[in-house]
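A.B. asks: Sequence and predicted structure, then a few things I'm wondering about:
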Amino acid sequence: MRLYILGMLFLCVSASAYSQRFADNKLGNGIRYTAKDSSFSTQINVRFQSRYSGLMNLENSNYTDNFLIRRYRIKFKGFLYDPSIQYKIELGLSNRDQGNFYNENNGAANIVLDAVLKWEFREGWELWAGQTKLPGNRERVISSGSMQFTERSELNAFYNLDRDMGLQLHHEHEMNGWIIREIGSISMGEGRNITASNVQGYGYTVRAEVLPFGKFQKKGDYFGGDLMREPKPKLSIGITYDFNDNNNRERGQLGRFLDTHVDISSIYADLMFKYHGFSIMSEYANRRLVNGAAFGQDEFGEQRYFYMGEAFNFSTGYLFKNKFEIAGRYVINRPERIDIAPDSEIVTLNLTKYISGHTLKLQSSASYINNHEEANELLFMCQAEIGF
């Protein structure tokens, strides 16, 4: 299947070369071309992350480690018929890309990450249709290729909304120099690539963002680190509310399917600040059970609890003029009950060398994990982000 996809990609690129000259050919811009009659355009990007990770148990000094391709992605984006009608397709081909989804879907592959059509039907208004990331916490919406750290935080790991299939309405306008954005979404509520009929409820998500000092350069409120070295202070504050009606997955759009249906309410608040190479990002997440039993049985008959609780994440970093960045992060996770997981606190120190922005970079991190009811741990990661 993967060879077929890569073969088709090669044929498309080769065929296009006969009729259209590629434009903006430089690292990070991918391969771009437009049809002669301007009826469509395509940009193709390929990237992967090669990672080493090691975990030490501080109670017994046991050390486990591995090398892996954390992510391998192929992305297509452009317009169809008219520049106001855009599309995005992203495929995840590494084993770890599919990771838990493979187990949670009885061995079914989940190659398609994004397949969404975006229509700007009026200035400042866009309608999205298809499968893509929900407008949840900021850290999740930031691309995995544009992260400030080697990996997203524990807050994101256990509380994010991830991707879903449905409709999203995006609006952006300016008011007295402030940028205000509103997003509303109606989705299946069970996550990506679910083929069974939805006979239960839907997921409803609303998000608002305020940028009091105007827009960031190059959409810098949605990539890690101040790579643009903003000459003036920039701030974005966001808040999201999600209600997942009659859901039967452990974490809403993620986790094992259980035999119990519940209503889940999630709240997220976040901010991003950048100025002269200095950056701050902070998030708060809270997920609660509105209605239904706190647990259910999975496909193996094992009792599992719905993952409820709250978490806080604070990170800051400074990018030097030589493109080295040092960053630190502090995360608190408070699951609702010990049956789910123990409370934890994680402190991470991260070093990044940006060779060509987020497209080509080297990263390393060290994390101290304080598991309140279990042995504490040290986690080490080294990673190369490579793409074009």
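C.D. replies: Yes, it's here.
A.B. asks: Could you find the closest non-adjacent residue to residue 144?
C.D. replies: Leaving aside its sequence neighbours, residue 144 sits nearest to residue 71 (Cβ to Cβ, 6 or more residues apart in numbering; 5.7 Å). Placement of C-beta: from N, CA and C, glycine included.
A.B. asks: er, residue 321 I mean
C.D. replies: residue 277 (7.6 Å).
A.B. asks: Who are the contact partners of that neighbour?
C.D. replies: The contact partners of residue 277, taken as Cβ atoms under 8 Å, 6 or more residues apart in numbering, are 226, 229, 318-321.
A.B. asks: Buried subset of those as a PyMOL selection?
C.D. replies: To isolate the buried members of the contacts of residue 277 in PyMOL, using 16 or more other Cβ atoms under 10 Å:
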select buried, resi 226+319
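A.B. asks: Adding pLDDT, write the contacts of residue 277 out as CSV.
C.D. replies: Formatted as CSV, the contacts of residue 277 follow (pLDDT from 0 to 100):
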residue, pLDDT
226, 98
229, 97
318, 98
319, 98
320, 97
321, 96
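A.B. asks: Show me the contacts of residue 277 that map onto strands.
C.D. replies: 318-319 (DSSP state E).
A.B. asks: Any chance of the contacts of residue 277 in CSV with distance to residue 249 as columns?
C.D. replies: CSV is the format used below for the contacts of residue 277 (distance: Cβ to Cβ, whole Å):
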residue, distance to residue 249
226, 36
229, 42
318, 39
319, 38
320, 43
321, 46
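A.B. asks: Closest to residue 207 out of the contacts of residue 277?
C.D. replies: Nearest to residue 207 among those is residue 226, at 23.2 Å by Cβ to Cβ.
A.B. asks: Just want the phi and psi numbers for that closest one.
C.D. replies: Backbone geometry at residue 226, expressed as degrees, to the nearest 10, gives phi -90, psi 70.
A.B. asks: OK, contacts around it?
C.D. replies: 220, 274-279, 317, 319.
A.B. asks: measure the residue nearest the centre of the chain to residue 313 for me?
C.D. replies: Most central in the chain under Cα atoms, centre = their mean is residue 140, positioned 3.2 Å from the mean C-alpha point. Counting by Cβ to Cβ, to the nearest Å, the gap from residue 140 to residue 313 is 11 Å.
A.B. asks: thinking again about what came up before, torsion angles phi and psi at the residue nearest to residue 321?
C.D. replies: phi 90, psi -10.
A.B. asks: Could you measure from it over to residue 354?
C.D. replies: Counting by Cβ to Cβ, the gap from residue 277 to residue 354 is 11 Å.
A.B. asks: Next, show the common contact partners of these two.
C.D. replies: Common contact partners of residue 277 and residue 354 (Cβ under 8 Å, 6+ apart): residue 319.
A.B. asks: Now do the contacts for the residue nearest to the centre of the chain.
C.D. replies: 133, 152, 156, 160-162.
A.B. asks: Among these, name the ones in strands.
C.D. replies: Among the contacts of residue 140, the members falling in strands (DSSP E) are residue 133.
A.B. asks: between the contacts of residue 140, which is nearest residue 246?
C.D. replies: Of all these, residue 246 sits closest to residue 161, with 16.5 Å by Cβ to Cβ.
A.B. asks: Am I right that the residue nearest to residue 144 is in a strand?
C.D. replies: Yes. Residue 71 forms part of a strand when assessed by DSSP: H, G, I helix; E, B strand; the rest coil.
A.B. asks: ok so, going back, the residue nearest to the centre of the chain: what secondary structure?
C.D. replies: Using three-state DSSP as the criterion, the local structure at residue 140 reads helix.
A.B. asks: ok, residue 308 touching residue 335?
C.D. replies: Yes. Counting by Cβ atoms under 8 Å, residue 308 touches residue 335, with 7.2 Å between them.
A.B. asks: Please report the distance of residue 252 from residue 161.
C.D. replies: 7 Å.
A.B. asks: which residues do these two both contact?
C.D. replies: Common neighbours of residue 252 and residue 161, counting by Cβ under 8 Å, 6+ apart, are 203, 242, 266.
A.B. asks: Now do the contacts for the last one.
C.D. replies: I take that to be residue 266. If you count contacts by Cβ under 8 Å, 6+ apart, residue 266 has them with 136, 159, 161, 240-244, 252, 285-288.
A.B. asks: Kindly supply the PyMOL command isolating those of these that are buried.
C.D. replies: The PyMOL selection below is limited to those of the contacts of residue 266 classed as buried (16+ other Cβ under 10 Å):
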select buried, resi 136+159+161+240+242+243+244+252+285+286+287
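A.B. asks: okay, the contacts of residue 266 in TSV with distance to residue 117, secondary structure and pLDDT next?
C.D. replies: TSV is the format used below for the contacts of residue 266 (distance: Cβ to Cβ, whole Å; DSSP: H, G, I helix; E, B strand; the rest coil; pLDDT from 0 to 100):
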residue	distance to residue 117	secondary structure	pLDDT
136	21	coil	95
159	28	helix	97
161	20	coil	95
240	23	strand	98
241	25	strand	98
242	23	strand	98
243	25	strand	98
244	24	strand	96
252	24	coil	91
285	29	strand	98
286	32	strand	98
287	30	strand	98
288	33	strand	97
